[in-house]
Structure formats: structure tokens, C-alpha cells
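Chemist: structure of the sequence below:
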Amino acid sequence: MQGILTWIKNHPIVRAIEGFGQVMMFAGQVLWLAIRPPYRINLLISQMYFVGIGSLFIILLTGVFSGAVFALQSSVAFAMVGAEGLVGSSVAVSLCREIAPVFGGLLVTGRVGSAMATELGTMRVTEQIDALETIAVNPIQYLVVPRVLATLIMLPVLTLMFDFVGMIGSYLVGVVFLEIDQGIFLQKIWWYLDPEDIYSGLIKAAVFGFALSLLGCYKGYKAGGGARGVGMAATQSVVASSVTILIMDYFLTLIMLEN
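Modeler: So this is what the prediction gives:
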């Protein structure tokens, strides 16, 4: 009987459900502590700088070339039916709805999520988190809440910048290199790009920012086993966050299309 219980406990499905429950409990603690004083504004601003300014270059670079590549590929497809004027609008809608929030989330996951897991994991294995508890400072409120809030705030801002530079990239390819009429290119964007397209991308970005920062902090907070454990925590946070973003993107898109 004991062997059966051990087998059930160690089964991958059971462990996955248990892990999901622990993450949800951790998320509940973060949300509860986020609305309770003390409010450490300096820590929040510091993390916003790390997430936003620190990720700005890679977001802008990726955004320009994402818009350029998508414009180049879509121009080939639209040329088959003589509708090259729709290149700008198709790129704009795709950027705002899907490409910017998803690509931005994945890029920030690779840079910020892994860094959060590494920082908190190092603090865990060096007993710095235990020291905070000793001096009556809640480590989740002090370490996790500013990181989660900063990513939730800054990822939509980075997504807007991704949208903007992506459209610049598509304009350069479409109008300058492919010689699509400038008036038609811009007019189609004005006709087909709705505010709802932008809002839906920003909502996705906020949800992705919360999820990736939460998972990064959770993996680091629960890390153990020295340097190897910290490395595993960083790797697991990136993998888990990336998969979560793609899964959540499907369900968020489904909900937004139905509404």
C-alpha cells in the first residue's frame, strides 16, 4: 500500500497538479501582499527601470525586424491576388494583436524572468531570504511584489513600443523597398486597425508580464541545492514561462474573439 501511495505521489500528472496548486497559492500571497502596506515605491521604480529600460534595446531591435519580415512575407501572398495595399493593415493588426505581446513576453522572459529566478535563487541558497524573515521582513512582499508589479506595468509599455517600431519596419519594407503606394499603405492601416486591436494586445501583455514574473520569482524563491539548483531554477522559469505565455495566448485570443 505504501508503495502504491509513493508511486501516485511521484506520478508526473500528480506532481504537475501539485506544482500548479503551489504556484496559485504563491500568486494569491503576492496579490494579497501587493495591496497591503508598506508600499516600497523605491524598489518598484528600481525594478521598472530594470524591466523596461533594460529590455528596451532588444524590444526595439526585434520589433523593427519583425515588422519588416512580416511585411516582406505578406507582400508575396497579397501580390498573388493584386492586394499589395493590404500589407500595412495586415502587419499592423497582427503586430498589435499577437506578434508584439507574444514576442515581447518571450523576450522579457528570457532576459528578466531568468534574472529574477537567479537573483532570488541565489538569495535562497545563501540564506539571505531566511535573514529577512529573521528581522521580521516578509520576503515575498519585499522581493517578489515589486518585481511582479514592475513587469506587469512595463510589459504593456514595451509592447506599445514594439508596435510602433514594427510598423516603422513594415513601412520601410512596404513603401521604400517594395514601392507600395504610400497613401494606400497608410490609408488601409487607418481603416482596418481598431483601438480594440491595440487594447487586446496590451491586456495580453499585462497578463503575460504577471505570469512570467510570478513564475520566475516562484522558481527562484523555491530553489535549493546550491549553484546547480539556482541554474535549474533559471532554466525552469524560462521554459515554464514561455509555454505558459503560448497557452494563455490561445485562451485569451479565444475569449477576446468571442466578445
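
Chemist: helix, strand, or coil at residue 137?
Modeler: Secondary structure, DSSP: H, G, I helix; E, B strand; the rest coil: residue 137 is coil.

Chemist: so it versus residue 173, what's the distance?
Modeler: 52 Å (CB to CB, to the nearest Å). Heads up, the C-betas are built off the backbone N, CA and C, glycines and all.

Chemist: more neighbours: those two, which one.
Modeler: It is residue 173, of residue 137 and residue 173, that has more neighbours when counted by other CB atoms under 10 Å, with 23 against 13.

Chemist: spit out the contact partners of the more buried one.
Modeler: 67-68, 71-72, 75 (CB atoms under 8 Å, 6 or more residues apart in numbering).

Chemist: and the most centrally placed residue in the chain, its phi and psi?
Modeler: Nearest residue to the geometric centre of the chain (CA atoms, centre = their mean): residue 105, 2.6 Å. Backbone geometry at residue 105, expressed as degrees, to the nearest 10, gives phi -60, psi -40.

Chemist: excluding its backbone neighbours, what's nearest it?
Modeler: What sits nearest to residue 105 in space, not counting adjacent residues and going by CB to CB, 6 or more residues apart in numbering, is residue 208, at 3.7 Å.

Chemist: how about whatever helix or strand that neighbour lives in: buried residues?
Modeler: Using DSSP states H and E, residue 208 sits within helix 195-221. Using 16 or more other CB atoms under 10 Å as the test for burial, helix 195-221 gives 197-198, 200-202, 204-221.

Chemist: report the distance from the helix or strand residue 251 falls within to the chain centre.
Modeler: Under the criterion of DSSP H and E, residue 251 resides in helix 226-258. Centroid separation for helix 226-258 versus its chain: 8 Å, with CA atoms, centre = their mean, to the nearest Å.

Chemist: I'd like the average pLDDT over that helix.
Modeler: The average pLDDT for helix 226-258 rounds to 91.

Chemist: all helices for this protein, in order.
Modeler: 2-9, 12-34, 41-48, 54-79, 87-94, 100-108, 114-125, 128-134, 139, 145-171, 182-192, 195-221, 226-258 (DSSP state H).

Chemist: elements contacting the second one?
Modeler: What it means is helix 12-34. Using 3 or more CB pairs under 8 Å, 6 or more residues apart in numbering; DSSP states H and E as the contact test, the elements touching helix 12-34 are helix 145-171, helix 195-221.

Chemist: in contact with the residue nearest to the centre of the chain, which residues?
Modeler: 155, 204-205, 208-209, 212, 241, 245.

Chemist: could you rerun that using 7 Å?
Modeler: 155, 205, 208, 212, 245 (CB atoms under 7 Å, 6 or more residues apart in numbering).

Chemist: the helix holding residue 208 to helix 100-108, inter-axis angle?
Modeler: Interaxial angle, helix 195-221 versus helix 100-108 (axes from the mean of the first three to the mean of the last three CA atoms, to 10 degrees): 20 degrees.

Chemist: angle of helix 195-221 against helix 114-125?
Modeler: Angle, helix 195-221 to helix 114-125, by the same axes, to 10 degrees: 30 degrees.
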